[in-house]
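Asker: I would like to see how this sequence folds:
(one chain, ligands or ions: 1)
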Amino acid sequence: MDLGIQGRWAIVCAASQGLGKGCALALAREDVNLVINARGAETLEQTAAELRSQAPGIEVRTVVGDVSLPVVRQQLLASCEPVDILINNAGGPPPGDFRHWDREDWLKALDTNMLTPIELIKAVVDGMAERGFGRVINITSGAVKAPIDILGLSNGARSGLTGFIAGLARQPSLAARNVTLNNVLPGAFDTARLQKTLMAASRGDSDLEAVAQSRRQAIPAGRFGSADEFGAFCAFLCSIHSGYITGQNLLIDGGAYPGTF
Ligand code: NAD
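Answerer: The predicted model follows:
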């Protein structure tokens with residue numbers, strides 16, 4: 001299927017590895033020009049080189065830095081004109097017990113996982129509406145639908161973003177102008193983040209593989225997802241074929257969520 005987005009420009013935040021990189025690779029395969037971001041320059045440049053080799057016809061620009069910093073967001077926006085596609089992503093907040101978190105911990109989580117995507121969205125959606133095409137995807141978490149107790153900072157901040165998107169996506173000034181906003185909720189995907197979570201669960205136990213295997217068995221698909229398949233799904237949501245999908249929370253978790261809706 002031709003996704004019809006060749007020559008478009010996309011910002012992909014937090015894209016040097018994992019799910020963000022999966023999205024960048026899938027968009028590159030559709031010949032979308034990219035501005036990618038991450039905190040570490042070396043890995044980001046390696047990823048940019050990989051993208052250029054996969055899709056020699058596209059332009060790939062890099063912006064190093066923490067996307068929760070206003071100066072980094074300004075650089076991202078200045079490097080991508082016009083922004084047709086925005087993939088919001090960042091590292092998730094740390095796990096823990098809410099009794100140990102103070103106001104600063106909450107502000108950091110809210111800033112990174114709720115307010116940063118909202119600031120970027122604010123900067124781009126009206127231009128998208130004027131031009132009659134725009135796709136915004138927020139990478140959130142399956143924990144928005146089925147909260148995980150130790151991920152309270154994530155549950156809280158991402159739910160705030162989810163509520164905001166539900167209202168914004170339905171504004172006729174955007175929806176009727178072919179600007180869609182959706183949240184994609186990953187379950188367990190085989191990335192560095194998942195490896196860290198598994199190591200924490202095994203508490204330094206040498207039998208990490210046993211922990212991973214028991215986690216896989218709890219997923220009806222019997223495996224972890226791959227960043228490539230996550231990216232392919234996001235690329236479809238960015239395509240010309242997905243203009244009637246907006247304001248949705250799309251779970252991609254191998255059947256792990258047990259509910260009907
Ligand atoms: P990852 O650790 O594999 O990759 C994260 C990427 O984001 C890296 O490129 C890192 O450099 C970059 N990054 C992190 N914080 C950043 C920031 N503030 N500014 C700029 N770049 C930043 O993680 P992942 O598994 O790809 O996860 C991506 C998001 O999806 C996270 O928010 C994570 O919590 C969420 N998530 C992941 C899973 C999973 O199973 N992998 C499940 C649920 C939710």
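
Asker: which stretches of this structure have low pLDDT?
Answerer: For the chain, residues meeting the criterion pLDDT under 70 lie at 204-206.

Asker: quick check: residues of it near the ligand?
Answerer: Residues of the chain lying close to the ligand (Cβ under 6 Å from any ligand atom) are 14, 16-20, 37-40, 66-68, 89-92, 112, 139, 141-142, 186, 188-189, 191-194. The way it works is simple: take the backbone N, C-alpha and C, and place the C-beta from them, glycine included.

Asker: who are the packing partners of the strand ranked longest in the chain?
Answerer: Identified as the longest strand of the chain according to DSSP state E is strand 179-186. In terms of contacts (3 or more Cβ pairs under 8 Å, 6 or more residues apart in numbering; DSSP states H and E), strand 179-186 is packed against helix 116-131, strand 134-139, helix 152-168, helix 227-237, strand 249-252.

Asker: which of the residues of the chain next to the ligand fall in helices?
Answerer: Counting by DSSP state H, the residues of the chain next to the ligand place 18-20, 192-194 in helices.

Asker: mind listing what's buried in the helix or strand that contains residue 210?
Answerer: Counting by DSSP states H and E, the element that carries residue 210 is helix 208-217. Under the neighbour-count criterion of 16 or more other Cβ atoms under 10 Å, helix 208-217 has 211-212, 215 buried.

Asker: list the residues that contact residue 123.
Answerer: Taking Cβ atoms under 8 Å, 6 or more residues apart in numbering, we find residue 123 in contact with 73, 77, 83.

Asker: rewinding a little: just give me the closest of the buried residues of helix 208-217 to the ligand.
Answerer: Set against the ligand, the nearest of the buried residues of helix 208-217 by Cβ to the nearest ligand atom is residue 215 (10.0 Å).

Asker: direction included, what does the longest strand of the chain pair against?
Answerer: Its sheet considered, strand 179-186 pairs with strand 134-139 (parallel), strand 249-252 (parallel) by DSSP bridges.

Asker: now those strands in TSV, with distance to residue 103?
Answerer: Output for the strands paired with strand 179-186, formatted as TSV (distance: least, Cβ to Cβ, whole Å):
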stretch	distance to residue 103
strand 134-139	24
strand 249-252	28
